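Novice: Predicted model, plus sequence, below.
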Amino acid sequence: MKQFRTLLVALALTIGTTGFVNAQSKVAHIASQELVESMPAYKAAKGEMDKLNKTYDAEIRTMVLELQNTIKKYSQEAETKTDEENLKRQQEIQATEKSINDYRQNALQDLQKKEIELMKPIYEQARTSIQKVARAQGFEYVLDSTTGTGVIMADGKNLMADVKKDLGI
């Protein structure tokens, strides 16, 4: 009975070790962010986002400059106006400041929506290609080796060159 238990434990350890070795050989890695940033569609989307951001920034700067000019003008005229007029002007300035802040918030929301709209298909294309290449090469798992993702060491198969080839880049 004791020999049978020992044989059973030895057999379990052998099977476990073999499974562990096989699992290790079926793991690959890729720096997904680096892959995405090398894609021409990403570069085009980034250019479009930069252009849109510059447009919003220019509009906000223009609005702020107009507000500053109005504040300067009202400050110079304050002594010649009645308290009621000065109060009305102060409320006008506050309303303008609020509208600039609202515009800034809407611009940020629009930029976020546009970024999601432009980037989602790019990330999906990269993911699909990674899966295709990994399956073709028999990998069960692909780890993201982008800096900061938690992968400390990635000595296994790097799929970057194969995925770039699949994407035509």
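Specialist: Received, thanks.

Novice: When you work out contacts or count neighbours from here on, use the C-alpha atoms and nothing else.
Specialist: Fine.

Novice: Show me the helices in this protein, by range?
Specialist: 2-24, 32-38, 40-77, 83-136, 160-167 (DSSP state H).

Novice: Residues contacting the second one, please?
Specialist: Taking contacts as C-alpha atoms under 8 Å, 6 or more residues apart in numbering, the residues outside helix 32-38 that touch it are Tyr42, Lys43, Ile122, Tyr123, Ala126, Asp144, Ser145, Thr146, Met160, Lys164, Ile169.

Novice: what comes up buried for it?
Specialist: Within helix 32-38, the residues scored as buried using 16 or more other C-alpha atoms under 10 Å are Ser32, Leu35, Val36.

Novice: confidence score at the second one?
Specialist: At Leu35, the pLDDT value in this model is 95.

Novice: can you check the first one too?
Specialist: Listed pLDDT for Ser32 reads 93.

Novice: ok, it to Pro121 distance?
Specialist: Distance of Ser32 to Pro121, computed by C-alpha to C-alpha, to the nearest Å: 14 Å.

Novice: The second one now?
Specialist: Shown here: Leu35 relative to Pro121, a distance of 14 Å by C-alpha to C-alpha.

Novice: What mean pLDDT does stretch 55-70 get?
Specialist: Rounded mean pLDDT across stretch 55-70 is 97.

Novice: same deal with stretch 133-152?
Specialist: Stretch 133-152 comes out with an average pLDDT of 83.

Novice: Mind exporting the C-alpha coordinates of that stretch to CSV?
Specialist: Coordinates of each C-alpha in stretch 133-152 appear next as CSV, following Å, rounded to 0.1, in the frame of the first residue of the first chain:
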residue,chain,number,x,y,z
VAL,A,133,-0.7,35.1,-35.2
ALA,A,134,-0.7,33.6,-31.8
ARG,A,135,-3.3,30.9,-32.8
ALA,A,136,-1.4,30.1,-36.0
GLN,A,137,1.8,29.6,-34.0
GLY,A,138,0.0,27.5,-31.3
PHE,A,139,0.2,29.9,-28.4
GLU,A,140,-2.5,29.6,-25.7
TYR,A,141,-1.6,32.9,-23.9
VAL,A,142,-0.2,36.2,-25.0
LEU,A,143,1.0,38.6,-22.3
ASP,A,144,1.2,42.3,-22.8
SER,A,145,4.8,43.3,-22.2
THR,A,146,4.3,47.0,-22.5
THR,A,147,6.2,48.8,-19.8
GLY,A,148,4.1,49.1,-16.6
THR,A,149,1.7,46.2,-17.3
GLY,A,150,3.1,44.0,-14.7
VAL,A,151,5.3,41.7,-16.8
ILE,A,152,8.7,41.8,-15.2
